[in-house]
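Colleague: 3D, please:
(chains A and B)
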Amino acid sequence: MGIYKEFKGLNLPEIDKEQLEFWKDKSIFEKSMQEREGQETYVFYEGPPSANGKPGIHHVLARSVKDIFCRFHTMQNKLVERKGGWDTHGLPIEIAVEKALGITKEDIGTKVTVEEYNAKCRETVMQYKDLWDDVTNKMGYWVDLENPYITFENEYIESVWNLLQKLYKNDYLYKGYTIQPYSPAAGTGLSTHELNQPGSYQDVKDTSAVAQFRPIRNEQSEFLFDSADEDVAIIAWTTTPWTLPSNTALAVGKKITYTKVKTFNPYTGKPLSVLLAQDLVGKWFKAEQAELKLEDYQQGDKKIPYLIASDYLGAQLLDIRYEQLLPYAQPEEGDAFKIIHGDFVSTSDGTGIVHIAPSFGADDMFVARQNGIGALTMVDKQGKFIDSMGEFAGRYVKNYKDDPDYVNVDIDISVKLKKENKAFNVQKYAHNYPHCWRTDKPILYYPLDSWFVKATKAKARMVELNKTINWKPAHTGEKRFGKWLENLQDWNLSRSRYWGIPLPIWRTEDGSEEICIGSIAELRSEVEKSVAAGHMTEQLAEGFDMHRPFIDTVILTAADGRPMKRELDLIDVWFDSGSMPYAQWHYPFENEEKFKANYPADFIAEGVDQTRGWFYTLHAIAVMCFDSVAYKNVVSNGLVLDKNGQKMSKSKGNAVDPFTTIAKYGADATRWYMISNAQPWDNLKFDLDGIDEVRRKFFGTLYNTYSFFSLYANVDGFDYKEAVIPVADRPEIDRWVISMLNTLVKEAGEDFAAYEPTRATRKIQVFVTDHLSNWYVRLCRRRFWKGEKNADKIAAYQTLYDCMVTIAKLMAPVSPFFADFLYRNLNDSTQQEAHESVHLAFYPAVNESDIDSDLEQRMNYAQRISSLVLSLRKKERLRVRQPLRKILLPVLNPTFKGQVEAIKELVLSEVNVKEVEYLEDGSGFIKKKVKPNFKTLGRRMGKNMKQAAAKISTFTQEDIALIEKDGCISLTLGEETFNLEAEDFIISSEDIPGWLVANDADLTVALDISLDDALLAEGTARELVNRIQNIRKDRDFNVTDRISLTIEKHDDISGAIDQFKDYICTEVLATELTIVENLENGQDVELIDEVVVKMNVSLN
RNA sequence: CCUGAUGUGGCGCAACUGGUUUAGCGCAUCCGCCUGAUACGCGGAAGGUUGGUGGUUCGAGUCCAUCCAUCAGGACCA
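Modeller: Numbering: from 1, shown residues only, chains lettered A, B, ... in the order given. Next up is the predicted model:
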C-alpha cells in the first residue's frame, strides 16, 4: 500500500458524496470564512429565489457563476460571506394559493378570511425549500443556508419600511392617478407582467367607428371652410366606440399634412367635407371614385364621389375647438374639446387624427395633462356606463358577465352616431387586444389611484452611477440597462393584494394629513397616541404580524385628532428584494457595522431577465436612499436552452432536471461544462452529451494523470520529503511544463479577476489535456518507471506533483469537488501545505522567473516537428516503431538551431529517429521563399502595399540571402524607394529537392527513409517488446513482475535477438530470454507483414 | 415598430487593437496508428462563397451601411 490513494476508475458522483461529507464533517465552508476573519472583504449579495417553484438546471448555471467568484476571492485571502435569502411575497405565490384553495381574488375576505389566506401563503411559499437546499448542497454552491434573510419576517419588513420612510421624507413617494390595465371582470388592476402572460393578447373582432367631430366655426377655424354652408368634420377612428362619450380632445401630428376631402356621408347621403391625414386618404376613398362628379351624386348611390379640396399642416389645426360628440356630461376640471398635438400620432392607421379619452388610455391621459385637458370617466369599475349616460346608463361596455342576452354597446353607439350624421364609417375590425389572464375577458385601461416612487427625480444620478458599475457583458449595462434608465418612468409601487409588505402610510379620509411610518417603535408610539385619542383600544402586542389584515386594524390619529387609516396597498415585491442589502441585516435597527462592511456589494450575478427586476431595484433604492451604487460588478447570465436552442419548458418535455443530471454526471462535470462551453452571458445550448465529453476528456485525463502519478510514486515511495530540486536544475521538459504552468496561473488568474470564467476554464483544460498529459507525461513516462530514484526521477515527481496541486487550485472555483479530491489525495499524503482542503488554500502565486518564452517556443517547435515527421511516416506507411536514420531541418534563423538542439532528444525519441541534420544556408539544398509581413509592412507602405507585395514575390534566392545577411533591403516602386528591414519579411524554406518534405507555416522537415539491417533489426526488436508487453497486460501481470521468455527460432527475428537481446529483456523485465528450435505450448504472436512467432511468457 | 445580442463545415466553439490564417479546435463519420496511463491521444480523409448585398481599406470573419434569420427586451395596438 502506497501513500497515495489509488482508485479503480473515475466516479465523479461518488467523489461528490465523499467531498460533501468531508466538507460537512470538517466545516470547511465555515472555516473558509473563519480563517479569513479580519481580512479584506469581498461582498456578495445573493438574489433571493422564491421557493414556491422547483429549481431548474438554469439555477445551477446561475449559482455556479456566483459560486465561482466567491470561491476565487476566498482563495485570494478575502473574507467572503454569502448570506442566503428567500423571496416570499408576490403574485406567483398568491395565485398558487388561490389555486390550491380553489378560490379567486374576490373570495378573499368573504369565503376565506385574509388571515387564513395569508397563513396559507406563508406556509406555501416555502414548500420547495428542501428541494432548493438539496440542489444548493449537491451542486456545491456555498451559501449560508442556516441564517438566510426571509422577506416576510418582521425584521425584514421593518427595514423596508425604513427605506420607504426615507423615500417619503425625501419627497420620492406620491399618490397619483394613472391609467392602468384593469380587469372589470376580476375587479382588479393588472401589472404589465400579468399583461405579458402568454395568451393575454388575443385576436378579436370589434366594431370600429370613424366619428365625425364638427369644428366650431370662428376666426381660428375659418380657414377650414370654403362656403357658408359647408359641413366640415374632423374624422377620428376608434376600435372602442364605448370610449367616445368620454372624448375630451383630438390629437394630430404637428408635422403631418392633413387634407380636406369633399364628399357625402355614406349613411345620410348629406354633403360633407372631412379632414384626415393626406397619407390616409387612399385608405378611405377609392381612387376610381375620384372620377365621379360631386354634382352627379344621388342619395343612395353606392359609389360616393369625392374631391380633394385643400391641404393643411397639423400645426395649423392646433387649438381649434369642436362640438362635443356625445354630450352626456362635461369634465369637471380642465379644458376640453379642442385639437392638440400628440407625438404618438402616426399615419399608419385610422385617419391620422386620434380620439382622446384621457380616462381610458395612458397616452391619452399623458397628452391631455400636458395640454390641460380634463377627463370624462363615463364607465365605472364594474365596466358599465354610469347613470348620466342616458339611454346607455347601466350597460356593460363589454360582456363581462357572460350575459346571453348581452347587446353590444359599441354597435348601439355606432348606430346612434350614424343616425345623427356623426359616423363616417362603421365596420368590424380584427385586432390584437389584451385580455385578463384570469377571466379571459378583455381588459380596459382605467384610471386608478396608486402610490409611486418618483424615480424620474433620481434618473440623472442613476444614469451617472450606472457608468461606474462593471457590467458583464458590457452591453447589458451600457445599452439595455443604460437606455432603460434614460427612459425611466416613475415606479408604480401599489399592488392591491394581500400577501406582501403593506405600505406604511396612514391618511385621514380626505387625504389632508398623512404619516409614513419607518419603524415598529414609531408605530408603537403612534398607536399609543391613537389609544389616547380613542381610535384604538389596545396597544400593539409584542411580535404582532406586520402583514394584512392585522396592520389594517391599526388606526392612527392625526394632529387634529381625526382618525387616519392605512392606505390599503401592498408594495411591489421587487421593492422587497431590492431592499436586501439593508434588510438582510435588519439595518438600521441592528448590525450597523456589519452593514457598513458589506455595502455596496463587490459582486452580484443573476439572469439577464433581472435587468429591470432586481438589478434595477437594487440600483434605484441605493441611489435614492444612499446616493451609492449597490454593486460594483454584475454578471448577467443568459438563458439555458435545450440542445436545439429551444426554450426549456415542462410542456415540451425538454427540461433538464438538475438532480438527475448531477447524480449521473457529477456536479463538477456539469459546472465545468456549463462554464467552459459558452460565456455565462451567452445563451447556453445545454447538451448532456457535452457534459459527458467534459467528463471523459478533462476530468478523465486529469484523473489518469493522477493515477499514473500515484502508481509510480507509490512504487518509488515518493513523498516529497526530498530536497526540492531547483527548477533551473531540472531537465528541459520539466522547466517547460513549469513555465507553461506559470503562464497559465497568471492568465487564468487574470481571467477570474476580470469575471471571465469561460476563458479561464478553457485555458486550464488545454493545459491539462494537451500540455500536461499528452506531452509532458507522455514524453516523461520512462522517467517514472525506469531506473533508480535519482535526481532526474525526483525532479519528474516534483514537477508533476506541483502541476497537479496547482491545477487543483486553479480549477477549485469551478469544480470544487474534484479539485478538493485531487488536492487532498496529494497534499494529505505529503503534507506540503497546512490546509486540509483546497478551498482553504490560496490561489497560487506566479513565478515570473519560471516563465521562459524561448523555452515555450522551442517546445512548440518540438511538437510541430514531431507532428510533421509523424505525418511523413504516415504517408510512407512507416510504423513509428521502425527507427529511421535522420531528420533534415533547414535552418530558418540564427537562433533556430540552438532552439532545436535543446529539444532534439525529445523529438528523436518521440518520432523514433536517430539524428537531426541541419541544412545551413549556402548548402545549396534549401530553397527559400519570402512573403511580406503585412502587419509591419502594411503600416509602412499603405497604398503601395499591393505593388510591393507583387515585387517581393519576384525576389530571387540572392535577394532573400541579402535580407538575411544585411537585415535590410531597399525596394524601389516607381519614383519612391523604401528601406525595408528583416522584420518586414517572413522567410521560410519551401522545399528540399529530392527529399520527402512536410511544411507547417515557417517550419520545414525532411525525412530520410532509407533503412539498413541494423535499423530493421531494431524495429523488429521494438515490435517484439510491444507484443510481449501486450501479453503481460493481457495476463494482468503487475508492472514490477519479472518474467522468463522462451521464443521459437525464426529467421525474421534472429537479427533483432542477436543485437537487441538486452534491450528487449530490460524493456519487458525478463530475467532470461531463450531461443529454442521447437516450442510447444507457445502462443502465436503476429509481428509485422504476417510474420508469426511462437513464444512463451512465464512469471518468475 | 424600436433597441440590443447572435449568425463561422452536420453540431458546439476559436481567431489579441483590421495584417505570418492557406479561417483554427473539439464532437460526430471514415481509414490508419501509438500506448505497461484502459483514459486519452496521434496521423490522414471528408466537410466552409465566415447569413446576403454593397462600401471603407494596400488588406475585412473583424470596421461602416443595408437587408435576412434567430433570441431577448421594450414601445404600440387610437
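Colleague: any idea how far A:P757 is from the residue nearest the centre of chain A?
Modeller: In chain A, the residue lying closest to the centroid (Cα atoms, centre = their mean) is A:N637, at 1.8 Å. Here A:N637 is placed at a distance of 11 Å from A:P757 (Cβ to Cβ, to the nearest Å). Bear in mind the C-beta positions are built from the backbone N, C-alpha and C, glycine included.
Colleague: equivalent analysis for A:K205, please.
Modeller: A:K205 is 53 Å from A:P757, by Cβ to Cβ.
Colleague: low-confidence ranges in the stretch 151-300 of chain A?
Modeller: For the stretch 151-300 of chain A, the stretches flagged by pLDDT under 70 are A:191-200.
Colleague: next to RNA strand B, which bits of the stretch 1001-1100 of chain A? Give me the list.
Modeller: By Cβ under 7 Å from any atom of the strand, the residues of the stretch 1001-1100 of chain A that approach RNA strand B are A:1001-1002, A:1022, A:1026, A:1029-1030, A:1032-1033, A:1037-1039, A:1041, A:1043, A:1068-1069.
Colleague: on that earlier part again, overlap of the contact sets of A:N637 and A:P757?
Modeller: A:65, A:680 (Cβ atoms under 8 Å, 6 or more residues apart in numbering).
Colleague: now the residue lying closest to A:T351 once chain neighbours are set aside. Its backbone dihedrals?
Modeller: Nearest non-adjacent residue to A:T351, counting by Cβ to Cβ, 6 or more residues apart in numbering: A:L276, 4.1 Å away. Main-chain torsions, A:L276, degrees, to the nearest 10: phi -150, psi 170.
Colleague: mind checking how far A:L276 is from RNA strand B?
Modeller: 12 Å (Cβ to the nearest atom of the strand, to the nearest Å).
Colleague: quick check: mean pLDDT of stretch A:1070-1086?
Modeller: In this model, stretch A:1070-1086 carries a mean pLDDT of 80.
Colleague: okay, and the beta partners of A:V204?
Modeller: Assessed by DSSP bridges, A:V204 has beta-bridge partners A:H431.
Colleague: contacts only, for it.
Modeller: A:430-433, A:442.
Colleague: show me the contact partners of the helix or strand A:T660 falls within.
Modeller: Under the criterion of DSSP states H and E, A:T660 resides in helix A:658-665. Helix A:658-665 has contacts (Cβ under 8 Å, 6+ apart) with A:12-13, A:16, A:55-57, A:59-60, A:134-135, A:138-139, A:670, A:688, A:691-692, A:695.
Colleague: would you mind listing what in the stretch 151-300 of chain A touches RNA strand B?
Modeller: Residues of the stretch 151-300 of chain A lying near RNA strand B (Cβ under 7 Å from any atom of the strand): A:192, A:196, A:201, A:208, A:236-240, A:251.
Colleague: narrow the residues you listed to just the buried residues.
Modeller: Buried members of these, scored by 16 or more other Cβ atoms under 10 Å, are A:208, A:236-240, A:251.
Colleague: out of those, who's nearest RNA strand B?
Modeller: A:T238 (2.7 Å; Cβ to the nearest atom of the strand).
Colleague: just give the nearest non-adjacent residue to the closest one, would you?
Modeller: That would be A:H355: by Cβ to Cβ, 6+ apart, it lies 5.0 Å from A:T238.
Colleague: packing partners of the helix or strand containing the one you found?
Modeller: A:H355 belongs to strand A:354-356 when elements are defined using DSSP H and E. Other helices and strands packing on strand A:354-356, by 3 or more Cβ pairs under 8 Å, 6 or more residues apart in numbering; DSSP states H and E, are strand A:232-238, strand A:249-252, helix A:362-370.
Colleague: pick the most deeply packed of these.
Modeller: Greatest average neighbour count among those goes to strand A:249-252 (a mean of 26), per mean count of other Cβ atoms under 10 Å.
Colleague: need the residues that contact it.
Modeller: With Cβ under 8 Å, 6+ apart as the contact definition, strand A:249-252 has outside contacts at A:213, A:234, A:236, A:258, A:314, A:317-318, A:322, A:336-342, A:344-345, A:352-356, A:358, A:367-368, A:371, A:373.
Colleague: restricting to C-alpha, output that strand in CSV.
Modeller: The C-alpha trace of strand A:249-252 is given here as CSV (Å, rounded to 0.1, in the frame of the first residue of the first chain):
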residue,chain,number,x,y,z
ALA,A,249,-59.8,66.1,-27.2
LEU,A,250,-58.5,65.2,-30.6
ALA,A,251,-54.8,64.7,-31.3
VAL,A,252,-53.0,65.5,-34.5
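Colleague: who does it pair up with?
Modeller: Per DSSP bridges, strand A:249-252 is paired in its sheet with strand A:338-341 (parallel), strand A:354-356 (antiparallel).
Colleague: would you agree A:E910 is in contact with A:S867?
Modeller: No - if you go by Cβ atoms under 8 Å, A:E910 and A:S867 don't touch, sitting 9.5 Å apart.
Colleague: the two - which one has more neighbours?
Modeller: A:E910 (20 against 16; other Cβ atoms under 10 Å).
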